[in-house]
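*Asks:* sequence plus predicted model, see below.
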Amino acid sequence: VQLVESGGGLVQPGGSLRLSCAASGLTFSSYDMSWYRQAPGKERELVAGIISRGGRINYADSVKGRFTISRDNAKNMVYLQMNSLKPEDTALYYCNARWWSGLRWYDYWGQGTQVTVSS
């Protein structure tokens, strides 16, 4: 299984970025997909998640109304559209794929893409 994030970079406060995560080696449509982030000196936190069939979505309170998660099961892709970015959004953003087999969780992570919000 491979998850490859892209789309990070340096952006000014108030700007936008769109992160992408390309998944391979798994039955993508069966997996719940999420974006997490980790800032220096802080724990990794859930940013947004979308269940396997795209029906239920959840967001961290800190990004509600600014970020949008979406997925394309035909392309094995998950996206995070980030608008109105703030300096506190600066972090390494990770893509996560998770599936419950009925016996155990299968949990996979990408390498991360850096997002820096600074003027």
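*Replies:* Received the coordinates, thanks.
*Asks:* for stretch 105-119, what is the distance to the chain centroid?
*Replies:* Averaged C-alpha coordinates place stretch 105-119 at 7 Å from its chain's average position (Cα atoms, centre = their mean, to the nearest Å).
*Asks:* now tell me what touches it from outside.
*Replies:* Stretch 105-119 is contacted by residues 1, 3-13, 15, 17, 19, 21, 26, 31, 37-38, 82, 85-100 when judged by Cβ atoms under 8 Å, 6 or more residues apart in numbering. Using the backbone N, CA and C atoms, a C-beta is placed for each residue, glycine as well.
*Asks:* give me that answer again for 6 Å
*Replies:* 1, 3, 5, 8, 10-13, 85, 87, 89-90, 92-99 (Cβ atoms under 6 Å, 6 or more residues apart in numbering).
*Asks:* and the gap between the residue in the chain sticking out farthest from the centre and residue 68?
*Replies:* Largest separation from the mean C-alpha position in the chain: residue 103, at 25.4 Å (Cα atoms, centre = their mean). Going from residue 103 to residue 68 by Cβ to Cβ, to the nearest Å gives 33 Å.
*Asks:* and if you look at residue 90?
*Replies:* Relative to residue 68, and taking Cβ to Cβ, residue 90 is found at 19 Å.
*Asks:* top strand in the protein by residue count?
*Replies:* The single longest strand within the chain, with elements called by DSSP state E, is strand 91-100.
*Asks:* tell me where the chain is predicted with low confidence.
*Replies:* 54 (pLDDT under 70).
*Asks:* for it, just list every one of the strands.
*Replies:* Going by DSSP E, the chain shows strands at 2-6, 9-11, 17-24, 32-38, 45-50, 57-59, 67-72, 77-82, 91-100, 105-109, 113-117.
*Asks:* could you dump the ones you listed to JSON lines with mean neighbour count?
*Replies:* Shown next, in JSON lines, are the strands of the chain (neighbours: other Cβ atoms under 10 Å):
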{"stretch": "strand 2-6", "mean neighbour count": "17"}
{"stretch": "strand 9-11", "mean neighbour count": "14"}
{"stretch": "strand 17-24", "mean neighbour count": "19"}
{"stretch": "strand 32-38", "mean neighbour count": "22"}
{"stretch": "strand 45-50", "mean neighbour count": "19"}
{"stretch": "strand 57-59", "mean neighbour count": "15"}
{"stretch": "strand 67-72", "mean neighbour count": "18"}
{"stretch": "strand 77-82", "mean neighbour count": "22"}
{"stretch": "strand 91-100", "mean neighbour count": "20"}
{"stretch": "strand 105-109", "mean neighbour count": "13"}
{"stretch": "strand 113-117", "mean neighbour count": "18"}
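*Asks:* I am finished for the moment; much appreciated.
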